[in-house]
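Enquirer: Provide a 3D model corresponding to the input given below.
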Amino acid sequence: MKCGNGIEARQVNELFINIDPIQAGGRLTADAMKAVVAYGDGYSVCDNCRKPNRLDYISKPPIAQFHKDVAAWLNMDAMRTVPGARRGFQAVAQTYVGKGEPVLLTSLSHYTEFLAIEEAGGIAREIPADGHKLVTPDAAATKIEEVKREFGRPPVLAFIDHVDYQYGNMHDVAGIAKVAHQYDIPVLYNGAYTVGILPVDGKALGVDFVAGSGHKSMAAPAPSGILAATAERASEVFRTTSIIGDVTQRKFGIKEPEMMGCTLMGATLVGMMASFPHVKERVKHFDRELENQRIVMDALLSIEGTKCLSEYPRKHTMTRIDTTASFDKVAETHKKRGYYLSSALEEHGITGVIPGATKVWKFNTYGTTKKQALHLAGAFVAIARENGIAIKE
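Expert: Residues are numbered from 1 along each chain as shown. Have a look, this model is predicted:
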């Protein structure tokens, strides 16, 4: 099947159980797929744009209501759609960070948080993770004091991941935010792996901003995401323009500079909107997702030499695994080398493990059914047995 111009139709999720760590939460719902077709034209959502000519005021389709609904769902006061969580990081950094000013993040933070700081001219300072790869409030307090001694002032902003992208570990955001606020540091909650996956309450967490990824965790097309804020901070990061042209004396109404006016149009926005009712419902059942993850994890740990590098028992479905002493031992002499594992998994109808990876790799079981989880578990054990790796009873 071709899409035209030599582009093959993608059928990954139709033909395989996909455990790619960054794709599991972004699979589109059927409603989102219909929205992509209906609103695929670039400016399709602008059909009924009227004064004041801003995206979050459009009522047909119900974009204005969507903004209110997502803010309420996250227990925040205002929300804007953005082209991915990283653009939320960028907007907040541009608002609060000046040249040479320190910004707090962690040793497990995503690279886009660093880039947002760099673009704003700030200087990154990391809270180190402990031996269990967890970032703690005590470590945050120690780092803030170090920054104060180095710069003569505390950090101007903090980026804290609830679930980090390296290990899928869950960090004490509420505790870290409490520490940061003692120094009047605004806190951005990076919910790229949580918003749309499990319940998130911004006020309960005590954070100033919640950034989420539509294409990673909200069953939405890419690039899409959200940035929510408290009432106090919304007036700062969602400020309206005051610039005036010197020749024309033009003004631009209530456009927001950090949003560059309007943000998401067409399929990205309406796709995220179409999936939202499904996403609101699925976060209520994260316990089932963890149970399915446990089925697969138990099977992997029964394979002699396999280790879980993430916190255990698991609190999230995205996990980092070490198979250096199991699957990689086979790769040393296998004719396909490390590619034998992904090849064998594909024969079992499974994809998403990086081809060639047999030492340290990540997987995500989010969205699998119990039947699929049992199939995944059985496949890993069967591949191990076929290649002479011992299985612990």
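Enquirer: Can I get stretch 39-55 as CSV, trimmed to CA atoms?
Expert: Taking C-alpha atoms only, stretch 39-55 is exported to CSV below (Å, rounded to 0.1, in the frame of the first residue of the first chain):
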residue,chain,number,x,y,z
TYR,A,39,-9.5,18.6,9.5
GLY,A,40,-6.3,17.7,7.6
ASP,A,41,-6.2,21.1,5.8
GLY,A,42,-3.7,23.4,7.4
TYR,A,43,-6.1,26.2,8.5
SER,A,44,-9.3,24.1,8.7
VAL,A,45,-10.1,25.2,12.3
CYS,A,46,-10.1,28.8,11.1
ASP,A,47,-13.4,28.5,9.2
ASN,A,48,-15.3,30.1,12.0
CYS,A,49,-12.6,32.3,13.6
ARG,A,50,-14.1,35.6,14.5
LYS,A,51,-12.8,38.6,16.5
PRO,A,52,-10.8,38.6,18.7
ASN,A,53,-9.1,36.2,16.2
ARG,A,54,-7.4,33.9,18.6
LEU,A,55,-7.4,30.1,18.6
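Enquirer: Give the bridge partners for Ala158, please.
Expert: Bridge pairing for Ala158 (DSSP bridges) gives the partners Leu104, Val187.
Enquirer: Tell me the residue in this protein that is farthest from the middle.
Expert: Going by C-alpha atoms, centre = their mean, the residue of the chain most distant from its centre is Val247, 43.8 Å out.
Enquirer: any idea how far that one lies from Asn53?
Expert: Distance of Val247 to Asn53, computed by C-beta to C-beta, to the nearest Å: 22 Å. (Each C-beta comes from the backbone N, C-alpha and C, glycine too.)
Enquirer: how's the protein carved up into domains?
Expert: Here the domain assignment for the chain is 14-22+285-386, 49-264, based on automatic domain parsing.
Enquirer: Quick one: end-to-end distance for the first one.
Expert: It stands for domain 14-22+285-386. One end of domain 14-22+285-386 sits 27 Å from the other (C-alpha to C-alpha, to the nearest Å).
Enquirer: for stretch 246-262, same thing?
Expert: 24 Å.
Enquirer: quick one: that stretch to chain centroid distance?
Expert: Distance of stretch 246-262 from its chain centroid, counting by C-alpha atoms, centre = their mean, to the nearest Å, is 30 Å.
Enquirer: and it, average pLDDT?
Expert: In this model, stretch 246-262 has a mean pLDDT of 95.
Enquirer: Pull the residues that contact that stretch.
Expert: 52-55, 80, 82, 91, 94-95, 237-241, 243-244 (C-beta atoms under 8 Å, 6 or more residues apart in numbering).
Enquirer: and of the residues you listed, the nearest to Gly121?
Expert: Taking C-beta to C-beta as the measure, Gly121 lies nearest Gln94 of the contacts of stretch 246-262, at 9.7 Å.
Enquirer: burial measure for Ala331, as a count.
Expert: Counted with other C-beta atoms under 10 Å, residues neighbouring Ala331 total 20.
Enquirer: Now do it against Ile383, distance only.
Expert: Applying C-beta to C-beta to Ala331 and Ile383 gives a distance of 12 Å.
Enquirer: overlap in contacts of those two?
Expert: In contact with both Ala331 and Ile383: Leu341, using C-beta under 8 Å, 6+ apart.
Enquirer: still on that earlier bit, which one, of the domains of the chain, ends up nearest to Val37?
Expert: Proximity to Val37 (C-beta to C-beta) singles out domain 49-264 among the domains of the chain, at 11.3 Å.
Enquirer: Pull up the distance across the closest one, start to finish.
Expert: 14 Å.
Enquirer: and it, how far out from the chain's middle?
Expert: Worked out by C-alpha atoms, centre = their mean, domain 49-264 lies 12 Å from the chain centre.
Enquirer: What of stretch 46-60?
Expert: Distance, stretch centre to chain centre, for stretch 46-60: 28 Å (C-alpha atoms, centre = their mean).
Enquirer: Skipping adjacent residues, who's closest to Gly212 in space?
Expert: Leaving aside its chain neighbours, Gly212 sits nearest to Val195 (3.0 Å; criterion: C-beta to C-beta, 6 or more residues apart in numbering).
Enquirer: which ones are touching that neighbour?
Expert: The neighbours of Val195, taking C-beta under 8 Å, 6+ apart as the test, are 74, 210-213, 217-218, 226.
Enquirer: So Tyr193 lies in a strand, does it not?
Expert: No: looking at Tyr193 with DSSP: H, G, I helix; E, B strand; the rest coil, it is coil, so not inside a strand.
Enquirer: and the gap between it and Met318?
Expert: Counting by C-beta to C-beta, the gap from Tyr193 to Met318 is 6 Å.
Enquirer: who touches both of the two?
Expert: Here Tyr193 and Met318 have 163, 165, 168 as joint contacts, going by C-beta under 8 Å, 6+ apart.
Enquirer: If we only consider the residues you listed, which is nearest to Arg125?
Expert: Of all these, Arg125 sits closest to Tyr165, with 19.4 Å by C-beta to C-beta.
Enquirer: for that closest one, helix, strand, or coil?
Expert: Look at Tyr165: counting by three-state DSSP, its state is coil.
Enquirer: Distance of it relative to Arg320?
Expert: 10 Å.
Enquirer: ditto for Gly131
Expert: The gap separating Gly131 from Arg320 is 15 Å, by C-beta to C-beta.
Enquirer: For those two, work out which one has more neighbours and name it.
Expert: Per other C-beta under 10 Å, whichever of Gly131 and Arg320 has more neighbours is Arg320, with 21 against 5.
Enquirer: Surely that one touches Lys307?
Expert: No: using C-beta atoms under 8 Å, Arg320 makes no contact with Lys307, being 9.7 Å away.
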